[in-house]
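[1] I would like to see how this sequence folds:
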Amino acid sequence: MARLFITLYGILFITGALFVLGIVWLPEMALKGTIRDYYERSMFGVFGLVEDRLLSQPQSEWPQTVKELKANFKSGLVLMEHDQLPLNDDERSSLARGKFVFTDDDNLTRFYKQIPGSDHYLMLALGKSREQREVEEVEGIVQLIGELFLDRQREEWPQILQTLGKRFKMPLKLLPLDDPSLPADRLADIEAGKVVVLGYEESRDTYYARVHDSDLVFRAGPYEAPFVLRNFNTILLILFALLVALAVYLWVRPVWRELSRFDQGVTRLGAGDLNTRLIVSNGAALKPLAETFNGMAQRIQKLIQSHRDLTGAVSHELRTPIARLRFRIDMLEDPLAEEDRERHITAMRKDILELEELVSESLSYSRLDRERPELVMDTVYLQDWLEALLIEAEDDYDGIKPELVTEAVNTHLQVSVDSKLMGRAVKNLLRNGQRHARQRLIVSADCRQGQAIILVEDDGSGVPEKERQRIFEPFARLDTARDRESGGVGLGLAIVQQIARWHGGQAWVEEAAGGGARFMISWPLSQD
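    Purely as a prediction, here's the structure:
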């Protein structure tokens, strides 16, 4: 869960950071050309009117003329020479090619343009905000156009408007003050000489301004900003939505791929492919779930394989006593001496006991192998517990009596143990030892490195080194003295190993000092 959250949070954080950087970077880089074209289109006519005024006069009169025109542009109009330009080499080179250069600083946007055929430059400053900039620009234009009209005959005005329209690249028109197309709610502002801008919110600006104190109104527009500038906020929202969608996709895609693998794995496992395992990368969000699935699949495979082995082994083990019973039943059908009849009946009772032991041990092993029992842990003195266990088991076994060896160092050794299960494991070891001991069977306890150890040692023929691991497998028997003839069904030691594992320990066998076998069970002293 934490890995999924951190991954999603990281992706969304990077997305947000990229969006913020995009807001800062996009207008400067991606829209730089669009903004330049927009400024050149809107300022071309303004500079053209100023240049027409200057080029119609000697250069010596230009400073005075610019000073007079400056009153029409509130933020500033300046005539500059080349060495006065606050521009870098690239910007100066653009001016030399007849292009506009604009800069943004403080609260002003400054436009620069070289006057054709001279080494002088015009700098026009406008307000920073779009609305302020356009009002100042229109006020200056109206003043210039008004002066232009006043110098010409009224019959020439339509031609002048047509020429100016091409220069400004927008519709221009002169309307009488009583024209019904003028905005009635803003007519008072127009009559007062204010510049009125309509359609600003829709980026379809239409400008209205009275020409000096005449009865004429100059209308420019509608003037549409470029599509990108008109819809820039919408584009940013779409871009943000796409970034979020991409981020979610990048987060969902690996999770979905892992879920698809899970679906395929579960389907294969359900179809009976017990070798199915899920392989995911170490950094995968669903790695814990994959490990849980693999552990479950491994346990199911082990359980089913164990049941198959147990079923096969039990079937094999049942054949011998059943065959002997069939043989003896056939023998009893014939006339026999009383002594022979009793011998066959005794052997049949022994075979039945063997079958009962086989069934009982098989059920016990199957139950222990199938699921872990709920351990009921008791804290006991190990030496006293072993002594009580041996007394309890005295009547259970024939043959050599187990001998408990007591060491002073272990007399007060306390251990945590499930008395019932561990008692059964020790009894299985005692039963195994009694089958193979010749003269002596020794039981003792020890403690090594935080592990409690129970030892059962016999003086029999021992267990070959190569067989010491296999002997704890179900139905495992050796080819020498430890075989079927010595009794047992081959499940006792497998049960011992399983009980040791439930206690967090293990069981193993090694060679005893006298050449026999020493079986040992170890587990932690305390079960936390």
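[2] who does D205 bridge with?
    Taking DSSP bridges as the rule, D205 bridges to Y223.
[3] can you show me the strands along the stretch 1-150 of the chain?
    Shown for the stretch 1-150 of the chain, the strands assigned by DSSP state E, counting those that start in this stretch span residues 77-81, 101-105, 108-114, 120-127.
[4] is it possible to export those to TSV including distance to S522?
    From N, CA and C alone the C-beta is placed, and that goes for glycine too. What follows is the strands of the stretch 1-150 of the chain, written out as TSV (distance: least, C-beta to C-beta, whole Å):
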stretch	distance to S522
strand 77-81	97
strand 101-105	81
strand 108-114	86
strand 120-127	89
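[5] who wins for proximity to K173 among those strands?
    strand 120-127 (23.8 Å; C-beta to C-beta).
[6] wasn't G515 part of a strand?
    No. Looking at G515 with DSSP: H, G, I helix; E, B strand; the rest coil, it is coil, so not inside a strand.
[7] just the mean pLDDT for stretch 111-128, thanks.
    Averaged over stretch 111-128, pLDDT sits at 85.
[8] before we move on, the earlier item: now mean neighbour count and distance to E339 too, for the strands of the stretch 1-150 of the chain, in TSV please.
    Output for the strands of the stretch 1-150 of the chain, formatted as TSV (neighbours: other C-beta atoms under 10 Å; distance: least, C-beta to C-beta, whole Å):
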stretch	mean neighbour count	distance to E339
strand 77-81	17	141
strand 101-105	15	125
strand 108-114	21	129
strand 120-127	21	132
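[9] who wins for proximity to G504 among these?
    Proximity to G504, assessed across the strands of the stretch 1-150 of the chain by C-beta to C-beta, is greatest for strand 101-105 (74.3 Å).
[10] please save the CA atoms from stretch 190-210 in PDB.
    As requested, the backbone C-alpha atoms of stretch 190-210 are provided in PDB (Å, rounded to 0.1, in the frame of the first residue of the first chain):
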ATOM      1  CA  ILE A 190     -17.300  58.200 -26.300                       C
ATOM      2  CA  GLU A 191     -18.600  61.700 -26.400                       C
ATOM      3  CA  ALA A 192     -16.400  62.600 -23.400                       C
ATOM      4  CA  GLY A 193     -13.300  61.600 -25.500                       C
ATOM      5  CA  LYS A 194     -12.600  58.300 -23.700                       C
ATOM      6  CA  VAL A 195     -11.400  55.200 -25.500                       C
ATOM      7  CA  VAL A 196     -14.000  52.400 -25.300                       C
ATOM      8  CA  VAL A 197     -12.900  48.800 -25.700                       C
ATOM      9  CA  LEU A 198     -15.600  46.200 -26.300                       C
ATOM     10  CA  GLY A 199     -15.200  42.400 -26.900                       C
ATOM     11  CA  TYR A 200     -12.200  42.300 -24.700                       C
ATOM     12  CA  GLU A 201     -13.200  39.100 -22.800                       C
ATOM     13  CA  GLU A 202     -13.800  37.300 -26.100                       C
ATOM     14  CA  SER A 203     -10.500  38.500 -27.500                       C
ATOM     15  CA  ARG A 204     -12.400  40.300 -30.400                       C
ATOM     16  CA  ASP A 205     -11.500  43.800 -29.500                       C
ATOM     17  CA  THR A 206     -13.400  46.700 -31.000                       C
ATOM     18  CA  TYR A 207     -12.200  50.200 -30.300                       C
ATOM     19  CA  TYR A 208     -14.300  53.400 -30.300                       C
ATOM     20  CA  ALA A 209     -12.800  56.900 -29.900                       C
ATOM     21  CA  ARG A 210     -14.000  60.300 -30.800                       C
END
